[in-house]
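[1] just coords:
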Ligand SMILES: Nc1ncnc2c1ncn2[C@@H]1O[C@H](COP(=O)(O)OP(=O)(O)OP(=O)(O)O)[C@@H](O)[C@H]1O
């Protein structure tokens, strides 16, 4: 096996000096220059989104300047809604006054945003809040960032810890006080949009610092941070009632005998072929499996080096995203799209397929900087289409300004993927060993990726690994009670034409002493 990116200095040399197998491949690519479809991202596409009542309520609340927490089971459209919210906020405040963040690099990149840590400008946030505030005030750029802000979006909140959430609120309030007189306004008057499901992956905590608090909902400022908290209930990812019921039970850490039996059946099913994606709790297993499978193909490897521009810390964040520093591909490699490439042909983030060829475009300029042999992978997707995959870019925006950019082929190897990286994805099929899961929420995150039971293949299963955190259970219990109470109130007040929305906790705007539920 040869690594052509380093061994072959130029394309012409490559095309004549490779193994006979690869020469054949290269020649076929030349002869069939028009054989492969290039993606046409400009193709007009008309889709009409029918928002649910709850989603519409959230959008209305955002339009009227409210701060909102959007939660709900996996696949209820939280991220889908957040993308629309971002458009709305950009229109309302101007993109330079809206910051889009997420707790992980993968989630942040999916929204063209930054990680919450890199946005905040307080490093790992390990000092006390006063020192962190000084750090922000003495950092001109971070200070300006906090002060120009009108709206802050935080996605995948389940992985943000309580202490960090409180520290951010303190910084927002204090750093903006001089300009806005915001001492008494929670988050210094910033419109806050937070999204996520606390039943999914929890924060990674430094035990010594956590003071018994873990989740963001335990933060002192949590309740006063929002005018509205909504638990989305319509599940879009799955339509099979049996699977939805099973996932709802697992989300709450319940082991209903009928559901367990269903999972056991999935273990007994015939093993799927090796092309079906494996999910592993640990990265080291993911890397080992992908490397081994790629090597077993014993074909010429094409290497794509990510091309980054911009400054740190944004550039560093790109490395934590889904696009790898180096992507190794060969004919036969199982791959998954890491971006929406062609939504109208259902070629979206999470679509899987196999590399069937490499294509040499006329205009090599776009490829040369990431791949010395200037060839693009041709992927036959499991859903049918065959497409040349062009390089794509992952951009980190700060307002209207792109502060860092990574160019890479929007593919990752897809024999195996980590459960952390798949949070947020929709997959047609997967195989996993549930007996190897650890911590709360991991089994739920893994299983809730698939659209149907047929797509779920288990090789091991241990009911004791189905776990939900008691604090999270309590949080959602209170949420449901409050939601019911609110509905009752709304019913009672109907004749008075109450304008309060579901879970709206304040008619007069938020204050630190604001009403909590
Ligand atoms: N109103 C809607 N109409 C049609 N499809 C929708 C709607 N809202 C969301 N969806 C679809 O639902 C699917 C799941 O959405 P999304 O990934 O945003 O869910 P999520 O709640 O963020 O899931 P997770 O918690 O697993 O990240 C997506 O395919 C999305 O396009």
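    Thanks, I have the structure now. Keep in mind the model is a prediction, meaning the values are calculated, not measured.
[2] quick one: the strands in the stretch 201-350 of the chain?
    228-232, 278-280, 302-305, 307-310, 326-329, 334-337 (DSSP state E, counting those that start in this stretch).
[3] now what about the shortest one, what contacts it?
    Contacts of strand 278-280 with the rest of the structure, by Cβ atoms under 8 Å, 6 or more residues apart in numbering, involve 286, 289, 415-419, 422, 430-433, 436, 446, 449. The way it works is simple: take the backbone N, C-alpha and C, and place the C-beta from them, glycine included.
[4] Kindly report the same for the last one.
    Residues external to strand 334-337 that are found in contact with it (Cβ under 8 Å, 6+ apart): 275, 277, 293, 329, 347-355, 377, 379, 389, 410-415, 417.
[5] Which ones among these also lie next to the ligand?
    Checked against the ligand using Cβ under 6 Å from any ligand atom, the contacts of strand 334-337 yield no neighbours at all.
[6] circling back to that earlier point, how about TSV for the strands of the stretch 201-350 of the chain, with mean pLDDT, mean neighbour count and distance to residue 38 added?
    Converted to TSV, the strands of the stretch 201-350 of the chain look like this (pLDDT from 0 to 100; neighbours: other Cβ atoms under 10 Å; distance: least, Cβ to Cβ, whole Å):
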stretch	mean pLDDT	mean neighbour count	distance to residue 38
strand 228-232	95	22	37
strand 278-280	92	22	31
strand 302-305	95	22	17
strand 307-310	91	16	20
strand 326-329	95	19	18
strand 334-337	91	24	15
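[7] Save those strands as TSV, and put in distance to residue 108 too.
    Formatted as TSV, those follow (distance: least, Cβ to Cβ, whole Å):
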stretch	distance to residue 108
strand 228-232	21
strand 278-280	21
strand 302-305	22
strand 307-310	14
strand 326-329	20
strand 334-337	18
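[8] Please tell me how far the residue of the stretch 151-300 of the chain found nearest the ligand sits from residue 72.
    Taking Cβ to the nearest ligand atom, the ligand has its nearest neighbour within the stretch 151-300 of the chain at residue 236, 3.1 Å off. Shown here: residue 236 relative to residue 72, a distance of 10 Å by Cβ to Cβ, to the nearest Å.
[9] Those two: which is more packed in?
    residue 72 (21 against 13; other Cβ atoms under 10 Å).
[10] what residues are up against the closest residue to that one other than its chain neighbours?
    Nearest non-adjacent residue to residue 72, counting by Cβ to Cβ, 6 or more residues apart in numbering: residue 232, 3.1 Å away. Shown in contact with residue 232 (Cβ under 8 Å, 6+ apart): 52, 54, 55, 70, 71, 72, 73, 76, 77, 78, 81.
[11] which residue is nearest the centroid of the chain?
    Relative to the mean C-alpha position of the chain, the nearest C-alpha, by Cα atoms, centre = their mean, is the one of residue 107, at 3.0 Å.
[12] shouldn't it be in contact with residue 424?
    Yes - if you go by Cβ atoms under 8 Å, residue 107 and residue 424 touch, sitting 5.9 Å apart.
[13] in the protein, which ranges drop under the pLDDT threshold?
    1-34, 41-47, 181-183, 206-211, 343, 399, 490-517 (pLDDT under 70).
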